[in-house]
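1. Following is a predicted model, sequence given first.
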Amino acid sequence: QVQLVESGGGLVQAGGSLRLSCVASGRIFGTYVMGWFRQPPGKEREFVASISKNAAIPEYADSVKDRFTIARDNAKNTVYLRMDSLKPEDTAVYYCATRPQQYTLGSRSIGAYDYWGQGTLVTVSS
């Protein structure tokens, strides 16, 4: 059974920074693609970022590009999301997710991921 546990959310002022972490267990972490998604209040879940197995290929949503950075530490079974220059519209519950093993690259599609964490709330005040 795969478990993903996010942490690092909280309340931050606009322009501030946060770093989210997601620790995985139940899989050989380095052999799986990881992604971050978010669900703003009253809206659908949306893609934020993904990172390939070897961390060589990150991908970002246009809305966060140049502000957010995804990284992974396979030795610690952890994927990170560094969020800078935060805006009120970044307020959401943030989820990490993992793809089935046969995939090498990330995906923007929710359906491409098979395991999800419980989410961590990020609130950005104006």
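-> Everything's here; your move.
2. tell me the secondary structure for the residue nearest the centre of the chain?
-> Among the residues of the chain, W36 comes closest to the average C-alpha position under C-alpha atoms, centre = their mean, at 2.2 Å. For W36, the secondary-structure state derived from DSSP: H, G, I helix; E, B strand; the rest coil is strand.
3. how much space between it and L86?
-> 14 Å (C-beta to C-beta, to the nearest Å). (Glycine included, C-beta is placed from N, CA and C.)
4. and if you look at G119?
-> Using C-beta to C-beta, G119 is found at 17 Å from L86.
5. between the two, which one's more packed in?
-> For G119 and L86, the more surrounded residue by other C-beta atoms under 10 Å is L86, and the numbers stand at 22 against 18.
6. Assess the claim that L121 and V93 are in contact.
-> Yes: look at L121 against V93 with C-beta atoms under 8 Å: they come within range, at 5.3 Å.
7. Quick check: neighbours shared by the two?
-> G9 (C-beta atoms under 8 Å, 6 or more residues apart in numbering).
8. wait, E46 sits on D62?
-> No: E46 lies out of contact with D62 (C-beta under 8 Å); the separation is 11.0 Å.
9. which of the two has more neighbours?
-> Taking other C-beta under 10 Å, E46 and D62 do not tie; E46 has more neighbours (14 against 6).
10. Report the contact partners of that one.
-> Counted by C-beta under 8 Å, 6+ apart, E46 has contacts 37-40, 61.
11. which residue lies farthest from the center of this structure?
-> Centroid-distance maximum for the chain: S126 at 22.9 Å, with C-alpha atoms, centre = their mean.
12. From T104, how far off is the closest residue to it other than its chain neighbours?
-> Distances taken as C-beta to C-beta, 6 or more residues apart in numbering place P88 nearest to S126, at 4.8 Å, with adjacent residues excluded. According to C-beta to C-beta, P88 stands 36 Å off from T104.
13. that's a strand at G30, yeah?
-> No: counting by three-state DSSP, G30 is not part of a strand but helix.
14. from memory it sits against K53, does it?
-> Yes: using C-beta under 8 Å, G30 makes contact with K53 at a distance of 6.4 Å.
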